[in-house]
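>>> what's the 3D shape of this:
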Amino acid sequence: MVKVTVNKAKCIGSGDCVETAPKVFAFDDKGKSEVIDAAGSDDRVIVSAARSCPVKAITVVDEAGQQLFPPPRP
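Numbers count the residues shown, from 1 in each chain. This next block holds a predicted model:
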């Protein structure tokens, strides 16, 4: 299972992640995205949802600690 976090300071509430992975992401009471179930979808769907974020507010890390999205800087 991947670890998924949303940077609330960056989130603009576009809803792209909620639309892409509605079992993983939902809006909080302030209209920002939050993780409701990191195991709610396949890892590929979660990474796709993170990629859909226009401000790159979502970070996805695999079980080994490798950052899947956004790609780590060299």
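>>> Distance of Thr5 relative to Cys53?
Using Cβ to Cβ, to the nearest Å, we find Thr5 at a distance of 12 Å from Cys53. C-beta here means a position set from N, CA and C on the backbone, and glycine is covered the same way.
>>> The two: who's more crowded?
Legend: neighbour count by other Cβ atoms under 10 Å for Thr5 and Cys53, higher for Cys53 (24 against 14).
>>> For the longest helix along the chain, enumerate the helices and strands it packs against.
Taking DSSP state H as the assignment, the helix of the chain that covers the most residues is helix 43-52. Counting by 3 or more Cβ pairs under 8 Å, 6 or more residues apart in numbering; DSSP states H and E, the packing neighbours recorded for helix 43-52 are helix 16-20, strand 58-61, strand 67-69.
>>> a markdown table for the ones you listed, including distance to Lys10 and mean pLDDT?
Shown next, in a markdown table, are these (distance: least, Cβ to Cβ, whole Å; pLDDT from 0 to 100):
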| stretch | distance to Lys10 | mean pLDDT |
| --- | --- | --- |
| helix 16-20 | 12 | 98 |
| strand 58-61 | 9 | 98 |
| strand 67-69 | 14 | 95 |
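>>> quick one, which of those is nearest to Lys32?
With distances scored as Cβ to Cβ, the stretch of the helices and strands packed on helix 43-52 nearest to Lys32 is helix 16-20 (10.6 Å).
>>> next SSE after that closest one?
Using DSSP states H and E, the helix or strand that follows helix 16-20 in sequence is strand 25-27.
>>> Can you list the strands that that next one pairs with?
strand 33-35 (antiparallel) (DSSP bridges).
>>> Just the mean pLDDT for the partner strand, thanks.
What strand 33-35 shows for mean pLDDT is 98.
>>> residues making contact with that strand?
4-6, 8, 11, 13, 15, 17-18, 24-28, 53, 57-58 (Cβ atoms under 8 Å, 6 or more residues apart in numbering).
>>> For the nearest residue to Ala38 once chain neighbours are set aside, list each beta-bridge partner.
Distances taken as Cβ to Cβ, 6 or more residues apart in numbering place Val4 nearest to Ala38, at 4.8 Å, with adjacent residues excluded. Applying DSSP bridges to Val4 gives these bridge partners: Val60.
>>> Good, we can wrap up now.
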